[in-house]
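Asker: Sequence and predicted structure below; questions after.
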Amino acid sequence: MTPAEPQKVLVADDDPVNRDVLCELLQPEYTVLLAKNGAQAVERATRHVPDLVLLDVMMPDMSGFEVLRRLRATPQTEHVSVIFISGLDRPEDEAAGLKMGASDYIAKPFNATVVLARVALHLQLVRQRRLLEHLAHVDGLTELANRRRFDDVYDLEWQRARRSGRPLSLALLDIDSFKQFNDLYGHPAGDRALRAVARVAGTHMRRPADLAARYGGEELVLLMPETDAVQALQIAQALRQAVAELMIAHAGSAAASCITVSIGGASLDPAQAESSAALFEAADVQLYRAKQGGRNRVMWRGAQEALTDAG
Ligand SMILES: Nc1nc2c(ncn2[C@@H]2O[C@H](COP(=O)(O)OP(=O)(O)OP(=O)(O)O)[C@@H](O)[C@H]2O)c(=O)[nH]1
């Protein structure tokens, strides 16, 4: 979602007049989706993941409370904001709706101005929450995922790989002689070089589940689910080469006349009960070997020496 994109509101009400009124009210500012019953509300919310749901409580097929319960139980919609709009106007009803996790409760007959004001308020809160989530997961300098995000995704992907028996590859990338680069060209130039390397790393993570993250300092980590050692090694080699081809001059490098990276990787062998920490450690050992071997190269656990890339 970009700031300019209109936010999506799903209106779920079995009464066509209410749907029309709410649609007309919201359409100038928001993208409005409609559902005429509870089942449709759940289906549309799951498919389109709206920013907000305006949900009638009393619908013949499924109550709004049940719709909310199902939305909370579905990963795509578990955090979606919901405002109940209901003819049930007793304080107990309102309290029950809020206790279930609705953001707000509006009694029918509703006042159009108040509905618009509350919708605007909750959509602003949604924007702020998304911004906070983004800031919590993205590294400010490189705009790659940050370490916290990596830790969460790694944990999930490792479990998924263990369950499915599918491969999982992990690589650590470290810029060569970066201390000397900072010393020679200054810290701001170091930041620019780091951003350039990060961009190249990001563009090499092509599958939706691939993740490039800044692990710390000038070290990046690459997570490649469903990718075996042969494929991952090829990607790492292409990435190493693409960084060298940036041709960022580095007169103080121990490896070349331009900025280069060393990469160490390991792939999970589903047949072996290896922990996520052990896989990470294995990639780190390979990174150490790449540095020891002269830098500007890729080392992969289990790969033949001939498969390593000495640039
Ligand atoms: N400009 C800049 N430098 C950073 C950043 N994060 C870490 N560094 C620098 O990266 C350097 C890493 O240095 P070392 O770990 O000694 O390794 P190196 O000089 O890259 O040498 P090798 O890894 O052995 O090739 C340190 O000087 C850090 O200050 C950053 O965000 N920006």
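Answerer: Now that the structure is in, tell me what you want to look at. Numbering: from 1, shown residues only.
Asker: so what's Phe65 up against?
Answerer: The contact partners of Phe65, by C-beta atoms under 8 Å, 6 or more residues apart in numbering, come to 57, 96-97, 100. C-beta coordinates here come from the backbone N, C-alpha and C atoms, glycine included.
Asker: pLDDT below threshold where in the stretch 1-150 of the chain?
Answerer: 1-4 (pLDDT under 70).
Asker: which parts of this protein sit against the ligand?
Answerer: 141, 174-180, 182, 187, 190-191, 194, 217-218, 291, 295 (C-beta under 6 Å from any ligand atom).
Asker: now the residues you listed: which count as buried?
Answerer: 174-178, 182, 190, 194, 218, 291, 295 (16 or more other C-beta atoms under 10 Å).
Asker: if we can go back for a sec, adding secondary structure and neighbour count, write the contacts of Phe65 out as JSON lines.
Answerer: Shown next, in JSON lines, are these (DSSP: H, G, I helix; E, B strand; the rest coil; neighbours: other C-beta atoms under 10 Å):
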{"residue": "Val57", "secondary structure": "coil", "neighbour count": "22"}
{"residue": "Ala96", "secondary structure": "helix", "neighbour count": "16"}
{"residue": "Gly97", "secondary structure": "helix", "neighbour count": "24"}
{"residue": "Met100", "secondary structure": "coil", "neighbour count": "15"}
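Asker: which residue does this protein bring closest to the ligand?
Answerer: Nearest to the ligand, among the residues of the chain, is Gly190, at 2.5 Å (C-beta to the nearest ligand atom).
Asker: circling back to that earlier point, could I get the contacts of Phe65 as JSON lines with distance to Asp155?
Answerer: Listed next are the contacts of Phe65 as JSON lines, based on distance: C-beta to C-beta, whole Å:
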{"residue": "Val57", "distance to Asp155": "38"}
{"residue": "Ala96", "distance to Asp155": "36"}
{"residue": "Gly97", "distance to Asp155": "34"}
{"residue": "Met100", "distance to Asp155": "29"}
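Asker: Now the element after the helix ranked longest in the chain, going C-ward?
Answerer: In the chain, taking DSSP state H as the definition, the longest helix is helix 112-137. Following helix 112-137 in sequence order, the next helix or strand is helix 147-164 (DSSP states H and E).
Asker: and that following helix, C-alpha only, in PDB?
Answerer: The C-alpha trace of helix 147-164 is given here as PDB (Å, rounded to 0.1, in the frame of the first residue of the first chain):
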ATOM      1  CA  ARG A 147      17.600  -8.700  11.500                       C
ATOM      2  CA  ARG A 148      14.400  -9.000  13.500                       C
ATOM      3  CA  ARG A 149      12.400  -9.700  10.400                       C
ATOM      4  CA  PHE A 150      15.000 -12.200   9.200                       C
ATOM      5  CA  ASP A 151      14.900 -14.000  12.500                       C
ATOM      6  CA  ASP A 152      11.100 -14.400  12.300                       C
ATOM      7  CA  VAL A 153      11.100 -15.500   8.700                       C
ATOM      8  CA  TYR A 154      14.000 -17.900   9.100                       C
ATOM      9  CA  ASP A 155      12.300 -19.600  12.000                       C
ATOM     10  CA  LEU A 156       9.100 -20.100   9.900                       C
ATOM     11  CA  GLU A 157      10.900 -21.200   6.800                       C
ATOM     12  CA  TRP A 158      13.100 -23.600   8.700                       C
ATOM     13  CA  GLN A 159      10.000 -25.200  10.300                       C
ATOM     14  CA  ARG A 160       8.300 -25.300   6.900                       C
ATOM     15  CA  ALA A 161      11.300 -27.000   5.300                       C
ATOM     16  CA  ARG A 162      11.600 -29.600   8.100                       C
ATOM     17  CA  ARG A 163       7.900 -30.400   7.700                       C
ATOM     18  CA  SER A 164       7.800 -30.500   3.900                       C
END
